[in-house]
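Chemist: What follows is a predicted protein model with its sequence.
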Amino acid sequence: MKLLWLQASGCGGCTQALLGAESRRGVFARLAGGGVDVVFHPAVSEASGDEALALLADAADGRLAFDALCVEGALLRGPNGSGRFHVLAGSGRPMIDWVRRLAARARHVLAIGSCTAFGGISAGGDNLLEACGLQFDGAEPGGLLGADFRAGSGLPVINVAGCPSHADWVVDTLLALAADAFTAADLDELQRPRFYSEQLVHHGCPKNEFYEFKASAQKPSDLGCLMENLGCKGTQAHADCNVRPWYGVGSCLRGGFSCIACTEPGFEEPGHPFMETPKIAGIPIGLPLDMPKAWFVALAALSKSATPKRVRESATSDHPAMLPTNRKGTRK
Amino acid sequence: MGPFNRVEGDLEVALDVADGRVRSAEVSASLYRGFENLLLGRDPLDALVLVPRICGICSVSQSAAAAAALADAAGIAMPANGRLAQRLIHACENLADHLTHFYCFFMPDFARDAYAGRPWHAGVAERFRAQRGSALADWLPARTDFLRVMGYLAGKWPHTLALQPGGTTRAVTATEKLRLAAVLREFREFLETTLFADTLENFAALDSCAALLAWAEARDGDFAHCVRVAADLGLDRVGRATDRFLAVGAYAGEDGALFPAGVWQDGAAAPFDAAAIGEDVSHAWFAGDAPLPPAHGETRPLADPDGKAAAYSWCKAPRYAGRVVETGALARQLLAGQPLAADFVAARGGSVLARVAARMVEVARVLPAMEDWLRAVEPGAPFCAEWRPPQSAQGVGFVEAARGALGHWLSIERGRIAGYQIVAPTTWNFSPRDAAGQPGALEQALAGLPVGDDEKAPVIVQHVVRSFDPCMVCTVH
């Protein structure tokens, strides 16, 4: 599977994360072993200047066959629809033109990261950039290529959303495509690969015991659950971060800070400060998905009253305040 | 010329060539991102979510600068553990960046077919060819292992929220401290076996260009290869910019900075004065008149950029006391008094090899510092001070990113961000001309380079461009 990668308006962080994929000989060897041939990638290809432009022009005009187009970064349509906020260097043409032309020739089109999928951080605020995703504008279908776009394979844009995307989300998607083992049924309603979006960040969260007892952190570095006060959206965000750690050991929650739901459209404008939980009458408004609110409130009240002292005291400390009780009694 | 692959972000360079030499150059950033305006009106702490996303390769630097600006505005200090953890996180990013630049961005140019006639070409091509060289199979897994520092201390990388004005969000346990020590030990092993083929201490002690060349002779490490190739191609003699250097202080804290702040001009170091910084937009696609100090700066992109004839970039032109300066590892090591960096600059000013060698010196000096910082971490003691953002205040945060001086200027009014200006390292190095017509640092470094009239993308130009390790996505924040 021949792959072209373009960087639109983004930070390049998805590529940096990708380079960190766990693999004995590095990510390119792993991709090559699975039949993915990276023909062009701005961060690693040898070609520059005219060599690079010639390659892209050949691909866009059908003289160079390729299979997959990965785009990393939001698509800037501004100012006033011109695309002038991002001209592909040396080409004199807006990046959005290149993306449209190349997408029309691709068998698969992948949006790498939430900027590319939905607009992401680039589309925040009043969006003077007129930033959007490849096939979504926030949660609305459309975007640069339009809701009806289908790649050569018949699939819509595959949204490997995340800010940044975990390396494995990208690698596993590419390897599945190269093995012809990826179908429309493998996408969720926002066109994200289900293998990571059918889980919640909450699954495998190291703070689960604190969550169960509603033993909440009050400030950064506290061990307690971050949902009640510090803005954590782990119970609402679709991703498997806490069962697929970064570099074998980390995740946002493992790092002690809140999930900001970076795999979701519109995460960049939560409507409240990121690090604060909005509440009505003391109850967080963003409750866990698929759980009746009344039950949550009742269970929360019950579990708060049943919280063991160990859990309550550890929740507002940066290390366990007490050890778990053993059968012979409590140790200090 | 453009696009430049193997730089972070989108870069275009226009060369005016006459009689086989570059007469003048114009460096253009062709993407505008608009983060400074995105920050306005937000809760001050939202900056910690937004600014890392300026840059995927130096996200921690952006975080650290925002956290420092917020801490400055609030007038708080962090506990020792928090400071040590922030340094370890930041140093991990900076060292990973230096070596990603070396292995993925800089060295592959020597594997080009244009150098096929050189005696060293076959070996270098086998080792460093873009995407396929054998070195990547060593470097990328070593990098992933090293990034476990981020996994333990910062949760993930890039785009962690672990760095806070009061410290860090993750207190490490005694066991994790042992594991981190193992990560650093194994990374040292990679550096001493594969990169240097020598101890970090021996390499860091090299005190002159002559000593570096002698060291590289008949040594098998990857950097020794680089030095021999660079010497053969005369890369210690090309790429000179202004020979004025700026550093704002690296890994700073109440106990001092590992590498100090300062300005190097006319062959001597002077103290750094933040008030001497102004940003000019005369040749950028922004509205504005006289240069503004960042504390009162503004970012007004033109809706009709092509209507401003003099402009050719989305990069502003920061100046120090009205002068062009260069920033980066060479500036840091020079101002830190490191003898090899000093000898390079004394002999021939900034050059391609000087910049690359200074990065390697820094790798060799910072990893031992990381080992010291980790030893000083006390599990059980606090990592983060409690604080509240002020309702009205100003703050400035300076840090050294891998690529050089980074500053954030913040003002808070009625509990919201009322002003936010960022001056990034490559904004300094790759700035366009200013109102006085002074070309930016790269523009100066390119002038005079020998290029063939029929060369479409002269490789010598690419060496000079990449020697700065540009980060264009930061540049056009």
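Modeler: Great, that's in hand.

Chemist: CA atoms for contacts and neighbours, from now on please.
Modeler: Will do.

Chemist: Not counting residues beside it along the chain, what's closest to the spatially most central residue of chain B?
Modeler: In chain B, the C-alpha nearest the mean C-alpha coordinate belongs to B:R403, at 0.9 Å (C-alpha atoms, centre = their mean). Closest residue to B:R403 apart from its sequence neighbours, by C-alpha to C-alpha, 6 or more residues apart in numbering or on different chains: B:G328 at 4.7 Å.

Chemist: Isn't the one you found up against B:P425?
Modeler: Yes: B:G328 is within contact range of B:P425, at 7.2 Å (criterion: C-alpha atoms under 8 Å).

Chemist: which one of these two has more residues nearby?
Modeler: Remark: of B:G328 and B:P425, B:P425 carries more neighbours, 30 against 26, as counted by other C-alpha atoms under 10 Å in any protein chain shown.

Chemist: Pull the number of nearby residues for residue 231.
Modeler: All of this refers to chain A. Counted with other C-alpha under 10 Å, A:G231 comes out at 22.

Chemist: should've been chain B
Modeler: Counted with other C-alpha under 10 Å, B:A231 comes out at 14.

Chemist: Tell me which residues touch it, please.
Modeler: Applying C-alpha atoms under 8 Å, 6 or more residues apart in numbering or on different chains to B:A231 gives the contacts B:L213.

Chemist: Kindly confirm my reading that it is in a helix.
Modeler: Yes: membership of B:A231 in a helix is supported by DSSP: H, G, I helix; E, B strand; the rest coil.

Chemist: And residue 201, its phi and psi?
Modeler: Picked chain A for this. With angles defined as degrees, to the nearest 10, A:V201 sits at phi -60, psi -30.

Chemist: meant chain B actually
Modeler: phi -70, psi -40.

Chemist: right, and B:A96 touches B:D145 too?
Modeler: No: contact between B:A96 and B:D145 fails when scored by C-alpha under 8 Å: they sit 10.6 Å apart.

Chemist: Compare those two and say which is more crowded by neighbours.
Modeler: B:A96 (23 against 20).

Chemist: helix or strand for the more buried one, which one?
Modeler: helix B:80-100 (DSSP states H and E).

Chemist: That helix and chain A in contact?
Modeler: No: Helix B:80-100 lies apart from chain A when judged by C-alpha under 8 Å from any C-alpha of the partner chain; the minimum separation is 9.4 Å.

Chemist: In PDB, could you pull the C-alpha coordinates for that helix?
Modeler: Presented in PDB, the C-alpha positions along helix B:80-100 are these (Å, rounded to 0.1, in the frame of the first residue of the first chain):
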ATOM      1  CA  ALA B  80      11.700  21.400  44.700                       C
ATOM      2  CA  ASN B  81      10.200  18.200  43.400                       C
ATOM      3  CA  GLY B  82       8.000  20.100  40.900                       C
ATOM      4  CA  ARG B  83      10.900  22.000  39.600                       C
ATOM      5  CA  LEU B  84      13.000  18.900  39.200                       C
ATOM      6  CA  ALA B  85      10.200  17.000  37.500                       C
ATOM      7  CA  GLN B  86       9.600  19.900  35.100                       C
ATOM      8  CA  ARG B  87      13.300  20.000  34.200                       C
ATOM      9  CA  LEU B  88      13.300  16.200  33.600                       C
ATOM     10  CA  ILE B  89      10.300  16.400  31.300                       C
ATOM     11  CA  HIS B  90      11.700  19.400  29.500                       C
ATOM     12  CA  ALA B  91      15.100  17.900  29.100                       C
ATOM     13  CA  CYS B  92      13.600  14.700  27.800                       C
ATOM     14  CA  GLU B  93      11.900  16.600  25.000                       C
ATOM     15  CA  ASN B  94      14.900  18.800  24.200                       C
ATOM     16  CA  LEU B  95      17.300  15.800  23.900                       C
ATOM     17  CA  ALA B  96      14.800  13.700  21.900                       C
ATOM     18  CA  ASP B  97      14.400  16.700  19.600                       C
ATOM     19  CA  HIS B  98      18.200  17.200  19.200                       C
ATOM     20  CA  LEU B  99      18.600  13.600  18.100                       C
ATOM     21  CA  THR B 100      15.400  13.400  16.000                       C
END
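
Chemist: In the helix or strand that it is followed by, which residues are buried?
Modeler: Scanning forward in sequence from helix B:80-100 by DSSP H and E, the next helix or strand is helix B:121-128. Buried residues in helix B:121-128, defined by neighbour count with 16 or more other C-alpha atoms under 10 Å in any protein chain shown: B:121, B:124-125, B:127-128.

Chemist: which residues of the stretch 201-332 of chain A fall in helices?
Modeler: Residue ranges of the helices in the stretch 201-332 of chain A, as given by DSSP state H, counting those that start in this stretch, are A:208-212, A:293-305, A:309-315.

Chemist: among those helices, which is the most enclosed?
Modeler: Burial of these is given as mean neighbour count (mean count of other C-alpha atoms under 10 Å in any protein chain shown); helix A:309-315 ranks first at a mean of 19.

Chemist: which residue does the stretch 251-400 of chain B bring closest to chain A?
Modeler: Nearest residue of the stretch 251-400 of chain B to chain A (C-alpha to the nearest C-alpha) works out as B:A303 at 5.5 Å.

Chemist: Sweet, I'm off.
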